[in-house]
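# here is my input; please provide its structure:
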Amino acid sequence: MRVTDRSQRFGLLVLVLTLCGGASVGAAPDAYGAGPVDALEFPSGELEARYRTLIDEFRCPKCLNTNLSGSDAPIAHDLRMTVHRLLVVEGLSDQEVRDFLQSRYGDFVLYDPPFKPSTWLLWLSPFGFLLLGAWALRRMLRQPAADQLSAAERDRLASILRNGE
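Residues are numbered from 1 along each chain as shown. Predicted coordinates:
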């Protein structure tokens with residue numbers, strides 16, 4: 001097949017680019033969103049291991065139930081960069097990084113919030129539900145047995161079932 005007309009060539013080019021996914025070639029790389037993989041450099045393997053442990057330990061404020069290492073939200077990317085900066089550039093300890101993020105984002109950023117008056121309900125509610133369930137189960141099991149039918153009542157019931165009264 002020979003394409004000679006200029007408009008046919010252009011149409012064919014658009015078709016090929018669309019089929020190959022090349023229609024978005026001119027899009028900026030940031031248009032696709034940030035991925036959870038960050039190209040960061042660490043002076044030692046020990047520091048990188050500490051970084052990985054910390055980003056696994058913190059919850060993404062946007063994703064709710066995803067840690068920083070598994071989230072591709074922009075805030076998670078920023079927090080990963082913050083953790084990297086605090087560890088590598090500022091040389092803070094793991095506990096100082098935890099304290100910094102907790103002071104800035106509250107207990108929500110921690111998967112394991114501390115036991116204090118504002119989190120008592122969070123920590124104690126499972127035990128409360130367990131006690132409530134045990135109480136309900138005990139109450140159901142302690143109900144008195146149904147009264148036994150007398151011989152006359154049993155005969156009447158059998159008669160009703162046989163005759164369909």
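# please count neighbours and contacts with C-alpha atoms only from this point.
Will do.
# for residue 38, give me its contacts.
residue 77 (Cα atoms under 8 Å, 6 or more residues apart in numbering).
# next one: residue 105
Neighbours of residue 105 in contact, by Cα under 8 Å, 6+ apart: residue 61.
# give me that answer again for 10 Å
Contact analysis of residue 105 by Cα atoms under 10 Å, 6 or more residues apart in numbering lists 61, 99.
# how about the most centrally placed residue in the chain: what's its closest non-neighbour residue?
The centroid of the chain falls nearest to residue 65 when counting by Cα atoms, centre = their mean (2.4 Å). Of all residues not flanking residue 65 in the chain, residue 59 sits nearest, at 6.6 Å (Cα to Cα, 6 or more residues apart in numbering).
# next, give phi and psi for that neighbour.
Dihedral pair for residue 59: phi -90, psi 140, per degrees, to the nearest 10.
# was I right about it contacting residue 66?
Yes: look at residue 59 against residue 66 with Cα atoms under 10 Å: they come within range, at 5.8 Å.
# so what's the residue nearest to the centre of the chain up against?
With contact taken as Cα under 10 Å, 6+ apart, residue 65 is in contact with 58-59, 71, 111.
# show me the shaky parts of the chain.
By pLDDT under 70, the low-scoring segments of the chain are 1-5, 7, 12-13, 15-37, 165.
# roughly how far apart are the residue of it most remote from its centre and residue 74?
Distance from the C-alpha centroid of the chain, by Cα atoms, centre = their mean, peaks at residue 152 (63.7 Å). When distance is defined by Cα to Cα, to the nearest Å, residue 152 is 79 Å away from residue 74.
# noted, bye for now.
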